[in-house]
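[1] whatever this is, show me its structure:
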Amino acid sequence: MKPLNVVILAAGKGTRMYSSKPKVLHTLAGLSLVQHVLNSAAQLLPQNIVVIYGHGGDAVPLSLQATNAQFVLQEPQLGTGHAVQQAMPHLSDGSQTLVLYGDVPLIQHTTLHKMQQAGSGLILLTVNMENPSGYGRIVRDAQHNVTCIVEEKDASDEIKLIQEVNTGILLAPTLQLKKWLSALRTNNNQGEYYLTDIVGMAVADGIPVQTVQPTHEWEIHGINNKSQLAVLERTWQQVEAHRLLLQGVTLADPARLDVRGKLVCGRDVEIDVGCIFEESVTLGNNVQIGAYCIIKNSTIADGTKVAPYSHIDSSIVGDKCLIGPYARLRPGTRLHADVHVGNFVEIKNSEIAQASKANHLSYIGDTTMGRRVNVGAGTITCNYDGANKFRTIIEDDVFIGSDTQLVAPVTISRGSTIGAGSTITRNTPPDELTLSRSKQMTINGWQRPKKK
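    Reported below is the predicted structural model:
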């Protein structure tokens, strides 16, 4: 198999998106449209990826600078053929070139691989549609051989009846593609260089023209407006939900799930309605996720239960933990096994060892907590002095009373008990009660002020 180049056309303005953002940078399932295309292309292991950009200045190259793609500016934009022409100086003659579109985000690498296996000539990706309106039609002769593609704007009424349509995605020998592109002319209703005109040139040159159909029609759906974007978002979420169901995941309602990245689930996972999973999330065996949770870039181990309305971001949660409801685990949180984090508890950049509990209304930040610690309601680790952050150390078997402030840097030694309502500013001795309270007083005969 010849080396592969990939050219991604991403120069369109997207006028119907009514946005200052380039069309290909709008997001679907947590990634930009063009990033989806790049991810599929990368799985083919091409020797070169060239992204043709235009509207939006350097926004497209800047958003994709972590990739190994080359970026070529198309200015002015004179059609799809003209766009591919811009990539030709960067492509070697002895290769094949695959043309993709930055606003057709859900093309699957399996379909592209089928195109690679289809032959050595010009390979077109086509689809038979019940309603082909808006697409260029595939015209065949009596022997069913492809003769040309006619864009709808240039099509006769007879050609418009054809249901096999061109998706725009094609694979061609690079040397011949360069030749065909150089021969393109603008003798059409739009006055543009149509990439589709190369089909007739290939036929004239005796180059075989083969067609391949995608596994799913949704793979070739393009985005031109926010309505189409919303429809394709739900389409992809249905695909993700179906994948999870086939893997044995229990979904309370497959229509109310959003996977905006990669979700990996073990056995007997249950996910309630309205949950959002972002970036890379792994759920172990027997994990239960309550309604309307948002989990981002995190790992949750076996047997853990996350109650409704909890947020977990860039965290590691151990076995058999209880989280929420309304809990928030911020980046850098690591919970060991059997940890309880209750309602309205926020944890940030902290490690909590096995069997410790913070069940109510507390903030634990920049803290290392030992085993079997009980954190009372209203506890706050005061870790920030306005300029610098400091760490709190809470050792094993500590009991912290309600409404306590731990002013870092401070160490609460093993077995310490902190009386409710205390502000602790110095290290505590082990196995002792430490508290700080003002003396309780009653003023006899005191009268509450009254309005005059």
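[2] so what's the gap between the longest helix anywhere in the chain and the chain middle?
    What stands out as the longest helix in the chain, according to DSSP state H, is helix 226-246. Here helix 226-246 shows a centroid-to-chain-centroid distance of 13 Å under the convention CA atoms, centre = their mean, to the nearest Å.
[3] buried residues in it?
    For helix 226-246, the neighbour count (16 or more other CB atoms under 10 Å) marks 229, 232, 233, 235, 236, 237, 239, 240, 241, 244 as buried. C-betas here are computed from N, CA, C, even on glycine.
[4] tabulate those (CSV), appending distance to residue 415 and pLDDT.
    Below are the buried residues of helix 226-246 laid out as CSV (distance: CB to CB, whole Å; pLDDT from 0 to 100):
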residue, distance to residue 415, pLDDT
229, 58, 98
232, 58, 98
233, 53, 98
235, 58, 97
236, 53, 98
237, 50, 98
239, 54, 97
240, 49, 98
241, 49, 98
244, 46, 98
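[5] want to throw those residues into JSON lines with distance to residue 161?
    Listed next are those as JSON lines, based on distance: CB to CB, whole Å:
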{"residue": "229", "distance to residue 161": "30"}
{"residue": "232", "distance to residue 161": "27"}
{"residue": "233", "distance to residue 161": "32"}
{"residue": "235", "distance to residue 161": "27"}
{"residue": "236", "distance to residue 161": "31"}
{"residue": "237", "distance to residue 161": "34"}
{"residue": "239", "distance to residue 161": "31"}
{"residue": "240", "distance to residue 161": "36"}
{"residue": "241", "distance to residue 161": "36"}
{"residue": "244", "distance to residue 161": "41"}
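[6] from the residues you listed, which two are the most distant?
    Pairwise distances across those peak at 22.7 Å for 229 and 244 (criterion: CB to CB).
[7] so which residues of the chain form helices?
    For the chain, the helices defined by DSSP H cover 33-42, 59-63, 80-87, 109-116, 157-160, 174-182, 198-204, 226-246.
[8] got CSV for those helices, with distance to residue 439 too?
    As requested, the helices of the chain are exported to CSV (distance: least, CB to CB, whole Å):
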stretch, distance to residue 439
helix 33-42, 63
helix 59-63, 62
helix 80-87, 80
helix 109-116, 73
helix 157-160, 91
helix 174-182, 87
helix 198-204, 91
helix 226-246, 60
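[9] just the buried residues of helix 226-246 now: which is nearest residue 262?
    For these, the nearest to residue 262 is residue 240 (9.7 Å; CB to CB).
[10] indicate which one of the helices of the chain is closest to residue 356.
    For the helices of the chain, the distance to residue 356 is smallest for helix 226-246, at 32.1 Å, taking CB to CB.
[11] picking up where we left off before, and which of the buried residues of helix 226-246 is nearest residue 7?
    residue 232 (22.4 Å).
[12] mind listing what that closest one touches?
    28, 105, 106, 218, 221, 223 (CB atoms under 8 Å, 6 or more residues apart in numbering).
[13] cutoff 7 Å now
    By CB atoms under 7 Å, 6 or more residues apart in numbering, the contact list for residue 232 reads 28, 106, 221, 223.
[14] please name the nearest non-neighbouring residue to residue 254.
    The shortest distance from residue 254 to any non-neighbouring residue, by CB to CB, 6 or more residues apart in numbering, is to residue 241 (3.8 Å).
[15] kindly report the same for residue 342.
    Closest residue in space to residue 342, ignoring its immediate chain neighbours: residue 359 at 3.4 Å, by CB to CB, 6+ apart.
[16] can you get me the start-to-end distance on stretch 279-299?
    For stretch 279-299, the first and last residues are 11 Å from each other (CA to CA, to the nearest Å).
[17] run through who's touching it.
    261-278, 300-317, 324-325.
[18] can you check stretch 165-180 too?
    Residues outside stretch 165-180 that contact it (CB under 7 Å, 6+ apart): 5, 80, 88, 91-93, 95-101, 107, 115-116, 120, 122-127, 129, 132, 135-138, 149, 196, 198, 201-202, 207, 220.
[19] can you tell me which of those are in strands?
    Judged by DSSP state E, those include 5, 96-101, 122-127, 137-138, 149 as members of strands.
[20] tell me the one among the residues you listed nearest to residue 255.
    residue 127 (25.5 Å).
[21] what's the burial count for that closest one?
    20 (other CB atoms under 10 Å).
[22] and it, how close does it get to residue 138?
    Plainly put, residue 127 is 9 Å away from residue 138 if you go by CB to CB, to the nearest Å.
[23] go on, residue 261?
    For residue 261 relative to residue 138 (CB to CB), the value is 36 Å.
[24] give me the more crowded residue out of those two.
    Counted by other CB under 10 Å, residue 261 and residue 138 do not tie: residue 138 has more neighbours, with 26 against 16.
[25] and the nearest residue to the more buried one once chain neighbours are set aside, what is it in contact with?
    Leaving aside its sequence neighbours, residue 138 sits nearest to residue 164 (CB to CB, 6+ apart; 4.3 Å). Residue 164 makes contact with 126, 128, 137, 138 under the criterion CB under 7 Å, 6+ apart.
[26] at 6 Å instead, please
    Residue 164 sits next to 126, 128, 138 when contact means CB atoms under 6 Å, 6 or more residues apart in numbering.
[27] coming back round to it: isn't the residue nearest to residue 254 up against residue 257?
    Yes: counting by CB atoms under 6 Å, residue 241 touches residue 257, with 5.2 Å between them.
[28] picking up where we left off before, who wins on neighbours among the contacts of residue 232?
    Highest neighbour count within these, by other CB under 10 Å: residue 223, with 27 neighbours.
[29] quick one: that residue and residue 38, what's the gap?
    15 Å.
[30] next: residue 45.
    Distance, residue 45 to residue 38, using CB to CB: 13 Å.
[31] and the two? which has more neighbours close in?
    Taking other CB under 10 Å, residue 45 and residue 38 do not tie; residue 38 has more neighbours (23 against 8).
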